[in-house]
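Trainee: This is a predicted model, with the sequence first.
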Amino acid sequence: MNDFQDLYQEIVMDHNRRPRNFGKLEDATSFANGFNPLCGDEINVYVKLVDDEIADIAFNGDSCAISKSSASMLTDGVKGKKISDAIQIFESFREMITRKPGEDFSSDILGDLEILSGVSQFPARIKCATLPWHTFHTALTENDQSVSTE
Ligand code: ZN
């Protein structure tokens, strides 16, 4: 275990224990439901858009620690952002998570979300980490749809 992995475990556990923005947004303007059949993760993402800004965001559902932590960090990371900036964060996140081992990656927009790159040590869990992101992206682009990782 190196320091980065320790930090990864610690942050994931913290977000799993105390998920940020957990619940349902009654006044959501966009919604999507995501399912990862490999692990059984199910997640709902609620977004309240005001003009071109993510005024509020929340999630709920029944998912594993990785998926819940990733959703918690996602909601923290995009709340208050413009839609176009949030989509850039999504794309950068996807690139970080799906890059090949040893491939260089750097981003100046992910900030704390870079800690989730630790999941690439556990390939079976990558879909758990990306599920909330695909669900969020679906809510923004095709409101009221379901998305599956398979
Ligand atoms: Zn999972």
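Mentor: Structure's in. What do you need? Residues are numbered from 1 along each chain as shown.
Trainee: correct me, but residue 28 touches residue 46?
Mentor: Yes - under the criterion of CB atoms under 8 Å, residue 28 makes contact with residue 46 at 3.7 Å. Bear in mind the C-beta positions are built from the backbone N, C-alpha and C, glycine included.
Trainee: out of the two, which sits in the more crowded spot?
Mentor: residue 46 (23 against 18; other CB atoms under 10 Å).
Trainee: What parts of this protein come near the ion?
Mentor: By the rule CB under 5 Å from the ion, the part of the chain lying against the ion is 39, 41, 64, 67, 128.
Trainee: ok, and the most crowded of the residues you listed?
Mentor: residue 67 (28 neighbours).
Trainee: picking that back up, would you mind grabbing the residues shared as contacts by residue 28 and residue 46?
Mentor: residue 58 (CB atoms under 8 Å, 6 or more residues apart in numbering).
Trainee: can I assume residue 38 sits in a helix?
Mentor: No - secondary structure of residue 38 (DSSP: H, G, I helix; E, B strand; the rest coil): coil, not part of a helix.
Trainee: Which members of the residues of the chain next to the ion are the farthest-apart pair?
Mentor: Maximum pairwise distance among the residues of the chain next to the ion (CB to CB): 7.1 Å, between 39 and 67.
Trainee: what sits in contact with each of those two?
Mentor: residue 128.
Trainee: Flag the helix or strand of this protein with the lowest per-element mean pLDDT.
Mentor: strand 145-148 (a mean of 86; mean pLDDT, DSSP states H and E).
Trainee: Which residues in the helix or strand containing residue 48 does the neighbour count mark as buried?
Mentor: Element membership of residue 48, judged by DSSP states H and E, is strand 41-50. The neighbour-count check on strand 41-50 (16 or more other CB atoms under 10 Å) flags 41-49 as buried.
Trainee: which of those lies closest to the ion?
Mentor: Proximity of the buried residues of strand 41-50 to the ion (CB to the ion) peaks at residue 41, which lies at 4.1 Å.
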